[in-house]
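Student: okay, structure incoming, though there's no sequence with it:
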């Protein structure tokens, strides 16, 4: 194998077996040679100007790389495709989405191309060998194509896993915000809403609880309440609570709380908190989704009773 062919294969290996005609020519492999080998089955024509090495595993990630490489640079996987690659969602997108500079007029029937006036090379990183928009750009861009609930869930997932901070998202919005910029109008109110939230949640179920409370006039409970005995001995950490009212709100997921060990552990935690004077309330995903007003009624009752008897904070660390 010639040095130029080895160099091209090395480049392709770093790109999930995919390369462009331009890359081949830079390695010294003429376009006519590439086309001839494609005709013999050595290479596979995937998109105009984009080839795959025969025998390379045919995967979704490979398809995304090929899609990105077939449009004008700087380009990257974007929107829901990028959100999936970042782990903001576990649902594989039905169609691949990529972003490239505005006015290039690239059309591909196999995937969706978004055009952007503000895409920069600094907005592009690699995740699993795939060029992808940065996490913060991804969540802002989502507002242009995804439903509000999807954007909110992805935003919260990124905050939970430290892909970005709320201030980082806000700073990116300020950078790209201009009249008519897609996505900004959706993400801005979500940012403002979360500025009043206390603490970071650990699951989509807790995000759902927050969204229910946020839609009501009630104050947002503190998240991740740590309760200790007067001696300082740790008792437990609880999902949400109003410490001043000595009230805790625990959320039960069928997937994580219904096995015998988890069920017993949760009840032990509840009993220990109640022995120290806390009142523990439990809510399920089904209740939050199907009857959110019943949840709000409980919180309102707690706050009303707390206002009557003037209960003060117990031994709590946040």
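Tutor: Yes, it's here. Worth saying up front: this structure is predicted, and the values here are computed from it rather than measured.
Student: can we go C-alpha only for contacts and neighbour counts from here?
Tutor: Fine.
Student: can you map out the helices along this protein?
Tutor: For the chain, the helices defined by DSSP state H occupy 3-13, 21-26, 31-39, 60-69, 79-86, 135-142, 148-160, 166-176, 184-194, 204-214, 254-257, 260-275, 285-290, 292-309.
Student: looking at those helices, which is nearest to residue 92?
Tutor: Nearest to residue 92, of all the helices of the chain, is helix 79-86, at 6.4 Å by C-alpha to C-alpha.
Student: pLDDT on the closest one, on average?
Tutor: Helix 79-86 carries an average pLDDT of 97.
Student: rewinding a little: would you turn the helices of the chain into a markdown table with mean neighbour count and distance to residue 122?
Tutor: Putting those into a markdown table (neighbours: other C-alpha atoms under 10 Å; distance: least, C-alpha to C-alpha, whole Å) gives the following:
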| stretch | mean neighbour count | distance to residue 122 |
| --- | --- | --- |
| helix 3-13 | 16 | 21 |
| helix 21-26 | 17 | 21 |
| helix 31-39 | 15 | 30 |
| helix 60-69 | 21 | 16 |
| helix 79-86 | 25 | 15 |
| helix 135-142 | 25 | 11 |
| helix 148-160 | 20 | 19 |
| helix 166-176 | 15 | 12 |
| helix 184-194 | 16 | 19 |
| helix 204-214 | 19 | 30 |
| helix 254-257 | 10 | 39 |
| helix 260-275 | 14 | 45 |
| helix 285-290 | 14 | 39 |
| helix 292-309 | 15 | 42 |
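Student: of all these, which lies closest to residue 241?
Tutor: Closest to residue 241 of the helices of the chain is helix 292-309 (C-alpha to C-alpha; 9.6 Å).
Student: residues contacting the residue most central in space within the chain?
Tutor: Closest to where the C-alpha atoms of the chain average out (C-alpha atoms, centre = their mean) is residue 88, at 2.1 Å. The contact partners of residue 88, taken as C-alpha atoms under 8 Å, 6 or more residues apart in numbering, are 153-155, 157-158.
Student: now with 7 Å?
Tutor: With contact set as C-alpha atoms under 7 Å, 6 or more residues apart in numbering, residue 88 has these partners: 154, 157-158.
Student: can you lay out those residues as TSV showing distance to residue 106?
Tutor: TSV is the format used below for these (distance: C-alpha to C-alpha, whole Å):
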residue	distance to residue 106
154	28
157	32
158	30
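Student: distance to residue 80 and pLDDT added to those residues, as CSV?
Tutor: Converted to CSV, the contacts of residue 88 look like this (distance: C-alpha to C-alpha, whole Å; pLDDT from 0 to 100):
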residue, distance to residue 80, pLDDT
154, 9, 93
157, 13, 90
158, 13, 93
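Student: for the protein, give me the ranges with low pLDDT.
Tutor: Applying pLDDT under 70 to the chain flags residues 198-200, 254-264, 308-318.
Student: and the residue nearest to residue 196 when sequence neighbours are not counted, how far is that from residue 138?
Tutor: Spatial nearest neighbour of residue 196, chain neighbours left out: residue 220 (7.5 Å); criterion: C-alpha to C-alpha, 6 or more residues apart in numbering. As judged by C-alpha to C-alpha, to the nearest Å, residue 220 and residue 138 stand 27 Å apart.
Student: these two touch, right, residue 83 and residue 89?
Tutor: Yes: if you go by C-alpha atoms under 7 Å, residue 83 and residue 89 touch, sitting 6.1 Å apart.
Student: intersection of neighbour lists for those two?
Tutor: Contact with both residue 83 and residue 89 is made by no residue, according to C-alpha under 7 Å, 6+ apart.
Student: pull the longest strand from the protein.
Tutor: In the chain, taking DSSP state E as the definition, the longest strand is strand 234-242.
Student: tally of neighbours for residue 226?
Tutor: By other C-alpha atoms under 10 Å, 18 other residues sit near residue 226.
Student: go ahead and confirm it touches residue 238.
Tutor: Yes: counting by C-alpha under 7 Å, residue 226 does reach residue 238; the two are 6.4 Å apart.
Student: distance check, residue 132 against residue 66.
Tutor: Residue 132 is 12 Å from residue 66, by C-alpha to C-alpha.
Student: whoops, I mixed them up, residue 123
Tutor: Distance from residue 123 to residue 66, by C-alpha to C-alpha: 19 Å.
Student: which ones are touching the nearest residue to residue 282 once chain neighbours are set aside?
Tutor: Leaving aside its chain neighbours, residue 282 sits nearest to residue 250 (4.7 Å; criterion: C-alpha to C-alpha, 6+ apart). Listed by C-alpha under 7 Å, 6+ apart, the contact set of residue 250 reads 238-240, 281-283.
Student: ok, those vs residue 74, which is closest?
Tutor: Closest approach to residue 74 among the contacts of residue 250 (C-alpha to C-alpha): residue 239, at 42.8 Å.
Student: isn't the closest one right up against residue 224?
Tutor: Yes: in this structure residue 239 lies within contact range of residue 224 using C-alpha under 7 Å: 4.9 Å.
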